[in-house]
Structure formats: C-alpha cells, structure tokens
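A.B. asks: sequence below, structure please.
(2 chains)
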Amino acid sequence: MSFSSFQAPSNAPAYSFAKEANSGFREHRFNPYTDNGGSILGIAGDDFVVLAGDTRSTSGYNINSRTQKKVFSIGGYKNSLVIATVGFGADARDLVEKMKRAVEDYKFAHNLRDMSVSAAAQQLHTLLYGNRFFPKYAYCVLGGIDSNGKARLYSYDPIGSYSKEGESRAAAGAASSLIVPFLDNQVEFKNQHTREANGEFVEKAVHPLPLDHVVKLVKDAFTSATERHIEVGDGLQLVIVTAQDGLSEQIVPLKQD
Amino acid sequence: MSSPFSINGGACVAMVGKDCVAIGCDLRLGNQALTISNTFPKIFNYGQTYLGLTGLATDVLTVSDLFRYKVNMYRLREERDIEPETMANLVSSSLYEKRFGPYFVSPVIAGLNSRTGKPFICGFDSIGCIDFAKDFIVSGTASDQLFGTCESFWEPDLGPEELFETISQSLLNSVDRDALSGWGAEVYVITKDGVTKRLLKGRQD
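C.D. replies: I've put the predicted structure just below:
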C-alpha cells in the first residue's frame, strides 16, 4: 500500500494528496481518516488564555457523542499548558497523549524543570511534522502561560506549521469559517475606526481584552456557530488558564438540534 | 473552483430592521483568482424592490435584465410598482422555468411593502426555492462567513442607522475572509421615507 493512495475526508484540508487515475479496476481500500466535526477556538488575553470547543462528535450526519471534550490539559509550566484539537478524533487523542508524554519526559530529562509553552509549541510541531507523509488529521491550538506570566497561543495545521510569535486568537474546525470573521472584528477590531482630533479616521488600536469579555465572545461565537452549522452543538467546553489562578474548566449547554 | 457559482466570486446579504430593510453586496468581479473589475455591483432595483444576484456574472447580468423586462411589463399591465412579495414569486417561477438548465445565480430580495410598510426579505436557490427569513439572508462565495457574522451581530428591531452598521460590519468582515469577494461594497438602507445608498471602501486586496 502506498501512502499516496490515502484519501482525506471529503472536505479535506488544503494540502495535496496525490489522486490516482481512475483506470479500470477499483480496489476496496481501508480509509484511515474520518472527520469527526466540531469546532475549537482560542483567545489570548494579557495574562490569560481561553481555549474552547464544542462537545459534539459526529460522523457524517450521525452524532456519536454529545459529551466528547476537545480541550485537554497537558501539564507543563505551572500546569498551564492546554491543547484543543479538531479533525479526526482518534488522531487528535493520540496527539494529546503523545504531548502529555513528551511534557512528562521533558521534566525528567531537564532536572525536574517544567516544559515552557514555547518548548511545548516546538514539540507539537516536531510531533506533527514527524508524521509528514501519513499526517495526523488534527488541527491543534496550543495555549499556556510563559515565564513572564504572559499568555501565549499557537495554532497548527495537520502537518505542524505554526508561528513562533503566536496569535491573539485562533479558530479551527467545521465552523471556523463562521467564527473567524467574527473574531477579526471583535478581537482585532478589523474594519473598526476611530476619529482623531484632526477629524481623520484611523484604524482602532488593538488591545488585550479582559477575561469576562473574552468569555462572552467565545459563548457568542459558539451559539452562532451552533445555530448555523450541523456539526457544532450540544455543549461548550471552556478552559480558562490564568497566570494567577491556574486552570479552570466549565461546560455550558448548547442547542442539541 | 470550477463550479459556475464560484468562478466570478461575490457576496450579497439582506437584513430586516424595525420598519426598514437593508441589502448589501461586494463590488468584485473576478476570473478565478484574477480580479477583473472592482466596480461590479450585484444589487438591482425594480421600483422600491431590490434584488441582489450573486453567482455566474454573465447570468447576474442576464437575470437582472430579464427581471427589468418582466417588471416593466408588470408595471404597464398593473399601472403600479411590483411589491416585494410579488417579486419573490416572479423570481421563483422564472427560475423554476429553467429547472433543467438553470441560471447559476443565488438571488436575494429586500423591500418594504408599499401598502402595509412591512419589511420583506427572502432568498432563493438557483432553481427558485424561496427561503423566507425573518432575520437575514446571505448568498455568494462568502456565505459561510456571512452566516457567522450575521448570526452574531444581528438582533431584532434595529433602527435604520443601527441596521446599516450591522449589515456593513457583517459584510465587510466576511468578504475580508473570502478571496473571491471584496474590493469595496455597496449598502442600501430602505425606509418608508426613502432609500440611502452608501459605498463602502473596505480592503482593496
């Protein structure tokens, strides 16, 4: 079996899978991927990160679970590292397990020092890129607090490409196309202008948002996505990591239809 | 990308407010990834009724002209302007007439009923199935994005100015995340006292 014969799910990610020419005989083949739907979202404040995901797991038009979490704590520096994943559930799970293991191993290999967010970010890249030719079909968002007590947020494609500078917000999954333009406007104030003293309009300056406001945005984003996307719904898992209070989780109900 | 609906690109949205409606579109005309024009409005008016058309540009022009003809004939026979509800049924039956060789357009209608003053919006698929919505209608290559922004920003009973801001922000932020839409926008706000048309610059990339 050649790796190039593997087919991604129908709404496949944008990288190139070589498609075999349709010539004569067709062989029945094992398809190693499923798209389990759902969406995730992450927003970084000044000293906190919010990672969220809906708790629905689907295959096709079926709902496999209404309580499947997508956000996971993986320990690390001040126990602040969190990963959110969407895509193929099994690959996502395996990835999180491997990250947990890597964070644990790091500790014993580095004189009981906890793994930093930036190190975890690089580790996740290495893990994903290690599967370059049989990718883990999972979109990841990684969040945490750095050694200065500042929030960090990274987002990845299935083969591990990410930005070391990090992001202020990230969304992935089935309803990312619905959520992203909303976040552009509400987190980075895109298309918003303020009037200067001389009467000129300038782009509204970006500033970190307070936690209660971010939580409101996340809930709004998911209630909207739930309304218009069939793969999103049931519950909203909200994981909040702050520099002072550490990790907390809450589950908010979403529509089940 | 070879779908006739996404060769030229474009986006359109209509919203209901309190005793007012709004309809907006982008201005891009493209050939796949290449932008051909940034002055290609997709909203056409037939008296007080407004029709937005996204999809294959040649069909956008053909269909808009076809309805210009049909509405003019209606006006001559009835000696009055067409109501948006009537226009909706005209669009629906005209599109279904071409059931097995359709125009590749996704129309949107917005208007106020001239007798009752009731706001009316609706959308269609390319063969004329009507989507009556109480809140908003989206169409075009940025429809996913528009669903997200409209569902988040829209609320009931917005006044004309609030409605303008809501539809403009929904449209602008959506087309900025769609490579096939954008390059400026046009927004109409329709009240019983008149219609205001505004041109929005938006991102030029």
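A.B. asks: pLDDT wise, what is whichever residue of the stretch 151-257 of chain A sits closest to chain B at?
C.D. replies: Nearest residue of the stretch 151-257 of chain A to chain B: A:Leu178, at 2.9 Å (C-beta to the nearest C-beta). To be clear about C-beta, it is placed using only N, CA and C from the backbone, and glycine gets the same treatment. At A:Leu178, the pLDDT value in this model is 98.
A.B. asks: packing partners of the strand or helix carrying it?
C.D. replies: Taking DSSP states H and E as the definition, A:Leu178 sits inside helix A:176-187. Counting by 3 or more C-beta pairs under 8 Å, 6 or more residues apart in numbering or on different chains; DSSP states H and E, the packing neighbours recorded for helix A:176-187 are strand A:39-44, strand A:169-173, helix A:211-228, helix B:143-153, helix B:160-175.
A.B. asks: could you identify the helix or strand that succeeds the longest one?
C.D. replies: As assigned by DSSP H and E, the chain's next helix or strand after helix A:211-228 is strand A:235-242.
A.B. asks: need the helices for the chain, in chain order.
C.D. replies: Went with chain A since none was named. A:89-109, A:117-130, A:176-187, A:211-228 (DSSP state H).
A.B. asks: please go with chain B instead
C.D. replies: B:57-78, B:84-97, B:143-153, B:160-175.
A.B. asks: now the angle from the second one to helix B:57-78?
C.D. replies: Between helix B:84-97 and helix B:57-78, the angle comes out at 130 degrees (axes from the mean of the first three to the mean of the last three C-alpha atoms, to 10 degrees).
A.B. asks: in helix B:84-97, what's buried?
C.D. replies: Neighbour-count burial for helix B:84-97, counted by 16 or more other C-beta atoms under 10 Å in any protein chain shown, picks out B:84-85, B:87-88, B:90-92, B:94-95.
A.B. asks: so which of the helices of chain A is the most surrounded?
C.D. replies: Across those, averaging neighbours per residue (mean count of other C-beta atoms under 10 Å in any protein chain shown) puts helix A:176-187 on top, at a mean of 25.
A.B. asks: near chain A, which residues of chain B?
C.D. replies: B:144-145, B:147-149, B:151-153, B:169, B:172-174, B:176-177, B:202 (C-beta under 8 Å from any C-beta of the partner chain).
A.B. asks: and the residue of chain B closest to chain A?
C.D. replies: Counting by C-beta to the nearest C-beta, chain B gets nearest to chain A through B:Gly148 (2.9 Å).
A.B. asks: contact partners for the closest residue to that residue other than its chain neighbours?
C.D. replies: Distances taken as C-beta to C-beta, 6 or more residues apart in numbering or on different chains place A:Leu178 nearest to B:Gly148, at 2.9 Å, with adjacent residues excluded. The contact partners of A:Leu178, taken as C-beta atoms under 8 Å, 6 or more residues apart in numbering or on different chains, are A:224-225, A:228-229, B:144-145, B:147-149, B:151.
A.B. asks: ok, now which ones touch the closest residue to B:Asn8 other than its chain neighbours?
C.D. replies: Of all residues beyond its chain neighbours, the one nearest B:Asn8 is B:Ala57 (4.1 Å), with distances taken as C-beta to C-beta, 6+ apart. Applying C-beta under 8 Å, 6+ apart, one finds that B:Ala57 lies in contact with B:7-8, B:10, B:29, B:40.
A.B. asks: on that earlier part again, distance to A:Glu97 and mean pLDDT for the helices and strands packed on helix A:176-187 - can I get that in a markdown table?
C.D. replies: As requested, the helices and strands packed on helix A:176-187 are arranged in a markdown table below (distance: least, C-beta to C-beta, whole Å; pLDDT from 0 to 100):
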| stretch | distance to A:Glu97 | mean pLDDT |
| --- | --- | --- |
| strand A:39-44 | 18 | 98 |
| strand A:169-173 | 19 | 98 |
| helix A:211-228 | 26 | 98 |
| helix B:143-153 | 32 | 98 |
| helix B:160-175 | 37 | 98 |
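A.B. asks: TSV for those, including distance to A:Asp157?
C.D. replies: Formatted as TSV, the helices and strands packed on helix A:176-187 follow (distance: least, C-beta to C-beta, whole Å):
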stretch	distance to A:Asp157
strand A:39-44	13
strand A:169-173	9
helix A:211-228	20
helix B:143-153	19
helix B:160-175	23
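A.B. asks: do you know which of these lies nearest B:Glu79?
C.D. replies: Closest of the helices and strands packed on helix A:176-187 to B:Glu79 is helix B:160-175, at 30.0 Å (criterion: C-beta to C-beta).
A.B. asks: quick one on the thing from earlier: identify the farthest-apart pair in the residues of chain B next to chain A.
C.D. replies: For those, the farthest-apart pair by C-beta to C-beta is B:Glu151 and B:Gly202; their separation is 20.9 Å.
A.B. asks: from B:Leu163, how far off is the residue located most distally from the centre of chain A?
C.D. replies: Within chain A, A:Asn198 marks the point farthest from the mean C-alpha position, 42.2 Å out by C-alpha atoms, centre = their mean. Counting by C-beta to C-beta, to the nearest Å, the separation of A:Asn198 from B:Leu163 is 30 Å.
A.B. asks: again with B:Ser64
C.D. replies: In this view, B:Ser64 and B:Leu163 are 24 Å apart by C-beta to C-beta.
A.B. asks: tell me which of these two has more neighbours.
C.D. replies: Applying other C-beta atoms under 10 Å in any protein chain shown to B:Ser64 and B:Leu163 shows that B:Leu163 carries more neighbours, namely 24 against 18.
A.B. asks: tally of neighbours for the closest residue to the more buried one other than its chain neighbours?
C.D. replies: Leaving aside its chain neighbours, B:Leu163 sits nearest to B:Gly17 (3.7 Å; criterion: C-beta to C-beta, 6+ apart). B:Gly17: 24 surrounding residues under other C-beta under 10 Å.
A.B. asks: B:Gly17 contacts B:Pro119, correct?
C.D. replies: Yes - the criterion here is C-beta atoms under 8 Å, and B:Gly17 meets it with B:Pro119 at 6.9 Å.
A.B. asks: quick one, what contacts residue 94?
C.D. replies: Picked chain A for this. So A:Asp94 contacts A:Lys136 (C-beta under 8 Å, 6+ apart).
A.B. asks: try again with chain B
C.D. replies: B:66-67, B:70, B:128.
A.B. asks: which of those residues are buried?
C.D. replies: Buried members of the contacts of B:Ser94, scored by 16+ other C-beta under 10 Å, are B:67, B:70, B:128.
A.B. asks: ok, so of these, who is nearest A:Phe189?
C.D. replies: B:Phe67 (39.3 Å).
A.B. asks: and the closest one, how far from B:Glu85?
C.D. replies: With distances taken as C-beta to C-beta, B:Phe67 is found 15 Å from B:Glu85.
A.B. asks: what's the answer for A:Thr223, then?
C.D. replies: 31 Å.
A.B. asks: try A:Thr85
C.D. replies: For A:Thr85, the distance to B:Glu85 - C-beta to C-beta - is 48 Å.
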